[in-house]
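S.K.: need coordinates for the following:
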Amino acid sequence: MMTKRIRLLVIIGIALFGGYFFNILLKDDSKEIESIVHTINEPLLSMAHVEFLDKNHAVAFYESVPTGELYFGTAIFKKGILGWEALGSYSSQITKDRKLDWGYSNLEQNEFAGYTDFIRGKILSPEIEKVKVVTKEGNDYEAKIIEYNNSERLWFLISKGEELLGASILGISKEGKVIEKL
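M.R.: As a prediction, this is how the structure comes out:
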């Protein structure tokens, strides 16, 4: 009698455990990340984009208007056994007189999959077609550009070891003309 009860408890335990992990696997990662971003204490928050760096690391880009001024921000995420967890978020006010916004985050402190530096921003001028980043060491990279909300654009670059703080950031037109240099 006791062995049947133990067997039944083991079967129920396995079913619950399996159901839990099956539920985790079926979750929509983007929606889960978006719901976590909305818990950040930022009024009038709107999502711009979620970028998956791999299956366990992601960056969410968002906008908010906490003081009547527009802020652009990012949150970094790592997927754990219980789902996605926010490792930190950063936002800065968008300067109206600029054609290209930017912000910097050090990812090393979060042990973020070997990534060390992260720069990002919003493209504020329709003339800017690409964003180029030139490091202090003289290496240049083209930042990834994402379009969101039909006509708005953001840009970002993440490095694994190369310092991006202090780099020159160039907003470049279709013709190759520098529209903004930061």
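S.K.: give the buried residues for the one helix or strand residue 155 maps to.
M.R.: Secondary structure assignment for residue 155, by DSSP states H and E: strand 152-159. Buried positions in strand 152-159, judged by neighbour count with 16 or more other CB atoms under 10 Å: 153-159. In this view, the C-beta of every residue, glycine as well, is placed from N, C-alpha and C.
S.K.: helix or strand right after that strand?
M.R.: On the C-terminal side of strand 152-159, the nearest following helix or strand under DSSP H and E is strand 168-173.
S.K.: which strands border that next one, and is each parallel or antiparallel?
M.R.: Using DSSP bridges, the strands paired with strand 168-173 are strand 128-134 (antiparallel), strand 178-181 (antiparallel).
S.K.: which of the ones you listed sits closest to residue 36?
M.R.: strand 128-134 (27.3 Å; CB to CB).
S.K.: can you pull the buried residues of the closest one?
M.R.: Residues of strand 128-134 classed as buried: 128-129, 131-133 (neighbour count, 16+ other CB under 10 Å).
S.K.: just those now: which is nearest residue 51?
M.R.: Proximity of those to residue 51 (CB to CB) peaks at residue 131, which lies at 15.0 Å.
S.K.: who are the contact partners of the closest one?
M.R.: When contacts are counted by CB atoms under 8 Å, 6 or more residues apart in numbering, residue 131 is found next to 100, 121, 123, 142-143, 145, 155, 157, 169-172.
S.K.: picking that back up, okay, the strands paired with strand 168-173 in JSON lines with distance to residue 3 next?
M.R.: Output for those, formatted as JSON lines (distance: least, CB to CB, whole Å):
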{"stretch": "strand 128-134", "distance to residue 3": "66"}
{"stretch": "strand 178-181", "distance to residue 3": "74"}
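S.K.: for those, give me TSV that also has mean pLDDT and distance to residue 163.
M.R.: Written out in TSV, the entries for the strands paired with strand 168-173 read as follows (pLDDT from 0 to 100; distance: least, CB to CB, whole Å):
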stretch	mean pLDDT	distance to residue 163
strand 128-134	97	11
strand 178-181	96	19
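S.K.: the residue positioned nearest the centre of the chain: what's it in contact with?
M.R.: For the chain, the residue whose C-alpha lies nearest the mean C-alpha position (CA atoms, centre = their mean) is residue 59; its distance is 1.8 Å. With contact taken as CB under 8 Å, 6+ apart, residue 59 is in contact with 50-51, 53, 74-77, 118, 120, 156, 158.
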